[in-house]
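# need a 3D model of the following:
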Amino acid sequence: MAIFEQRTYSIAVGMVEDYLRFYHQEGMAIHTKFLGPPHAWFTTDVGALTEIIMMWRYESHADREQKRAALYSDPEWLAFIPKTRPYIVKMENKILKPAFFSPLQ
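Okay, the predicted model is just below:
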């Protein structure tokens, strides 16, 4: 059964658009090289207005572990991570399992 990883980043006030441009230019290609295309990317419009939510789909927990281990062994990714620190205030990570009737399988 597939699992989904939901990663929520609280971005510094006034920096959401800057972070999105920065990630798109410097991080996305590296990220997708190892994780595949993201299942979804969102910004919030109501509530906490400085959040970015991304979702990644994996075939299993083992698939996630393998892909993330490969990502974190890549020198380009390791060089990119410190550049994100000025933008990110808080990070949250959840693993979601689709219900048996969910269209996301």
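# where exactly do the strands run in the protein?
3-11, 40-43, 51-58, 88-96 (DSSP state E).
# same list (those strands) but as a markdown table, adding mean neighbour count.
All C-beta spots, glycine's among them, are computed from the backbone N, C-alpha and C. Listed next are the strands of the chain as a markdown table, based on neighbours: other Cβ atoms under 10 Å:
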| stretch | mean neighbour count |
| --- | --- |
| strand 3-11 | 18 |
| strand 40-43 | 13 |
| strand 51-58 | 18 |
| strand 88-96 | 11 |
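# got CSV for the ones you listed, with distance to residue 23 too?
Converted to CSV, the strands of the chain look like this (distance: least, Cβ to Cβ, whole Å):
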stretch, distance to residue 23
strand 3-11, 10
strand 40-43, 9
strand 51-58, 8
strand 88-96, 11
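# okay, the residue lying closest to residue 48 once chain neighbours are set aside and residue 89: tell me how far apart.
Nearest residue to residue 48, sequence neighbours excluded (Cβ to Cβ, 6 or more residues apart in numbering): residue 10, at 6.8 Å. Going from residue 10 to residue 89 by Cβ to Cβ, to the nearest Å gives 5 Å.
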